[in-house]
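In: Build the 3D model from these lines:
(2 chains)
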Number of protein chains: 2
Amino acid sequence: MQYTTQMDAARKGVITREIQAVAGKENMDVRRLQQLVAAGQVVIPANKNHAALDPCGIGQDLRTKINVNIGVSGDCPNVEAEMEKARYAVELKADAIMDLSCHGPTGAFRRRLVEYSPAAVGTVPVYDAVGYYQKELEKITAGEFLGVAEQHAKDGVDFMTVHAGVNRDTAAVFKRNPRLTNIVSRGGALLFAWMELNDSENPFYQYYDQLLDICSRYDVTVSLGDACRPGCLKDATDASQVHELMVLGELTRRAWERGVQVMIEGPGHMPLHEIAANVLLQKKLCHGAPFYVLGPLVTDVAPGYDHITSAIGGAVAAAAGADFLCYVTPAEHLRLPTLEDMKEGVVASRIAAHAADIAKGIPGARQWDDDMSEARRNLDWPQMFGLAVDPDKARRYRAESRPDHEDSCTMCGKMCAVRNMNRVLQGKDVL
Amino acid sequence: MQYTTQMDAARKGVITREIQAVAGKENMDVRRLQQLVAAGQVVIPANKNHAALDPCGIGQDLRTKINVNIGVSGDCPNVEAEMEKARYAVELKADAIMDLSCHGPTGAFRRRLVEYSPAAVGTVPVYDAVGYYQKELEKITAGEFLGVAEQHAKDGVDFMTVHAGVNRDTAAVFKRNPRLTNIVSRGGALLFAWMELNDSENPFYQYYDQLLDICSRYDVTVSLGDACRPGCLKDATDASQVHELMVLGELTRRAWERGVQVMIEGPGHMPLHEIAANVLLQKKLCHGAPFYVLGPLVTDVAPGYDHITSAIGGAVAAAAGADFLCYVTPAEHLRLPTLEDMKEGVVASRIAAHAADIAKGIPGARQWDDDMSEARRNLDWPQMFGLAVDPDKARRYRAESRPDHEDSCTMCGKMCAVRNMNRVLQGKDVL
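Out: Take a look at the predicted model:
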């Protein structure tokens, strides 16, 4: 049977190869998954031109997924260095890779990435437009912005961030409601500036139907960007953010009418106690579309440790229903991440996602923990290392500090509670 | 006026030097603080023999506090090395230091620590008893356990962990309700073993009144240990844990009758969605006594990253009402922490505590974030570094990767949203 997108297929009752694959990986009934894709509650970003893709689902009742950002830029224009990061991201078990290239050989890198990547590939066309056209921002035309999006779609990109929600209405709300840190979304700030400088409507909002044509043709999932995500705790859950979210809800419906898959991007910086309410708000205003969060960072004061501020917020958001976490590295707010920063960021995100999956009750999620705990009770070190989220670090830490008693560690030595309980429960002496 | 403890003084309407100092540091009305101390909802651990103490309050409506563990042991018997850790803990802004010494020159180290430390000092007498008497566990008498506690009190220790809740009743509940990882509390496992080997009641439970005599005399805060804290997600919120907590509630009342200050220790390993319920349970069963949590770690699978699993759980616990976080380092489950591990652990705990203080609505907590956000909007790098939780790391990260444009960083370069928004809002061109 003919279909355009995964959503269109699911609505027609077609079980695509991608739906089949995702159902298998998630241990979910394939008909249930098909219904979730048809309803827009799960997306399977899978561009028809992305042959290397190992498809992955994002949304309701699925494991929480994580994304890694890479890309060539003015400060780091080396394609090979970025390809190394892509391979490392896959090795670290990232579910998606966003190519945020904004300068230099962006097209060459994007095509290399799609050719290689088993992970879903996302982009932000507005970044590339700025790098590609190399002219003053306000001189880029609406048609040129759309042209870049079309090129990305042809190149096999699975999902695209489009900041279509910062339209003239949202911009007016922003101007009437001053913020401490204005707009901190890169793409959002560029589009706001473009609109101000040209006194025009946001091109992605104005020509949204054309964008949907492109997305429908290649099956690109629209990731509706949150230009007005809060850039600090003080700006969280303010009028600009909520207004934009309502616009995104309308844009979601319009995409679904065309069979185009949609995710919604979310905060940002946000106090811990506001996170659950924000997830609820997104799920309601955007009709259950999957929620892709950037953080949330639960404090602004920890540059160098934003993988931790983000792991706290990400775990709480995902436990409350967020579906997809964008990784944050220790380099956030300071510099481009190194490979080591990437690893710290991915591991922190994986921890947050897994902790949330247990809380959400994803079937089987806690088995990993139970296996680890059994290995701990048995003081089976090789088994513990094998199960660790990062076996190398666990092994290295222990190797650097060997205990007197092989069945303990230097933390507690012979006072190891596990060892002593095992002994006394077997009727043996302790210590 | 004569008084025994801070609680006794508060009940008699006396504003002690310590209550005055804590009220000043917390920006709290001194009479309100006095009432909270009188009611047991705030403790000020302040041994009469701890001259170097800069008193700190723990509990309701106060900033969340953090504790660092150090101590001489069989695998690390060097007093000078541990004193270096103590000085480092104070430099890193730990509010309390627990001396978990269990072998070697424990007394000498403890006295050095009390002589030096402006932070509250805590100990676990049962660890020291094992190290001090150097005989088979079951041969240590109840009087000898109490004797060690008395020596610690004389030496100026501000709070002591006492696992009095794992009495015969709790042990019977534990035996009837098998767990995946048994008892993982070091002190709890030792006392359980002692009880099994001697077929006797827990000495700290049996002679609890004598312990209270000691604590009343020196004003030692009793930190009621949770021997049955879950050691893995599967064991969380089980019968053993909840039974012990009920016993701790009874012991809290008995301490308060004698004017002795009390904290309650808590989990442990715990799924994210169980944390708030556990804080509620502790506050109800223990009559509002301050809650001192060890974690909670929200997954078991991340050895090498338990500062992160613990920051997630600690932030959520403190936001729900926990008052005091025991730091967890990346070395947890693997080895004794190094100085670098200590720093990672303290910073992660401080982030969790601060994120929770914002969520709890501690007056003034968010000002720090707002100051940082203003510095960010102004692209004022020296100001950002000065406000960072770890200025050295933030400064180093930026220095290692200088951008082309000084008013940006290599993450976004000239596409920096902050820079571009500042320019467009001033009517300037961007990029």
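
In: residue closest to the middle of chain A?
Out: Nearest to the geometric centre of chain A sits A:Cys326, at 3.2 Å (C-alpha atoms, centre = their mean).

In: My read is that it contacts A:Pro296, right?
Out: No - counting by C-beta atoms under 8 Å, A:Cys326 stays clear of A:Pro296, with 10.5 Å between them. C-beta here means a position set from N, CA and C on the backbone, and glycine is covered the same way.

In: picking up where we left off before, what residues are bridge-paired with the residue nearest to the centre of chain A?
Out: Beta-bridge partners recorded for A:Cys326 (DSSP bridges): A:Asn67, A:Leu294.

In: dump the residue contacts of A:Thr237.
Out: A:Thr237 sits next to A:Pro230, A:Met270, A:Glu274, A:Ala277, A:Asn278 when contact means C-beta atoms under 8 Å, 6 or more residues apart in numbering or on different chains.

In: wait, is it part of a strand?
Out: No - checked against DSSP: H, G, I helix; E, B strand; the rest coil, A:Thr237 lies outside a strand; its state is coil.

In: State the distance from it to chain B.
Out: Here A:Thr237 is placed at a distance of 13 Å from chain B (C-beta to the nearest C-beta, to the nearest Å).

In: quick one: which helix or strand includes A:His152?
Out: helix A:142-154 (DSSP states H and E).

In: And the helix or strand following that helix, what's buried?
Out: Past helix A:142-154, further along toward the C-terminus, the next helix or strand under DSSP H and E is strand A:159-162. Of the residues in strand A:159-162, A:Phe159, A:Met160, A:Thr161, A:Val162 count as buried by neighbour count, 16 or more other C-beta atoms under 10 Å in any protein chain shown.

In: And for stretch A:397-410?
Out: Buried residues in stretch A:397-410, defined by neighbour count with 16+ other C-beta under 10 Å: A:Tyr397, A:Arg398, A:Ser401, A:Pro403, A:His405, A:Ser408, A:Cys409, A:Thr410.

In: re the thing from before, residues in contact with the helix holding A:His152: which ones?
Out: Residues outside helix A:142-154 that contact it (C-beta under 8 Å, 6+ apart): A:47, A:49, A:107, A:110, A:123, A:125-126, A:128-129, A:132-133, A:160, A:162, A:200, A:203-204, A:206-207, A:210-211, A:214-215, A:217-218, A:220.

In: Of the buried residues of stretch A:397-410, which ones also sit close to chain B?
Out: Restricting those to those near chain B by C-beta under 8 Å from any C-beta of the partner chain leaves A:Tyr397, A:Arg398, A:Ser401, A:Pro403, A:Cys409, A:Thr410.

In: Would you mind stating the distance between the third one and B:Leu334?
Out: Going back to what we said before, that points to A:Ser401. Distance from A:Ser401 to B:Leu334, counting by C-beta to C-beta, to the nearest Å: 8 Å.

In: What of A:Thr410?
Out: 9 Å.

In: do the same with A:Pro296
Out: According to C-beta to C-beta, A:Pro296 stands 30 Å off from B:Leu334.

In: Ok, A:Leu251 next?
Out: Counting by C-beta to C-beta - A:Leu251 and B:Leu334 are separated by 48 Å.

In: These two: which has the busier surroundings?
Out: B:Leu334 (28 against 25; other C-beta atoms under 10 Å in any protein chain shown).

In: quick one: contacts for the more buried one?
Out: Taking C-beta under 8 Å, 6+ apart, we find B:Leu334 in contact with A:Ala394, A:Tyr397, A:Arg398, A:Ser401, A:Cys409, A:Met411, B:Pro303, B:Gly304.

In: go with 10 Å
Out: By C-beta atoms under 10 Å, 6 or more residues apart in numbering or on different chains, the contact list for B:Leu334 reads A:381, A:384-385, A:388, A:393-401, A:409-411, B:303-304, B:306, B:341.
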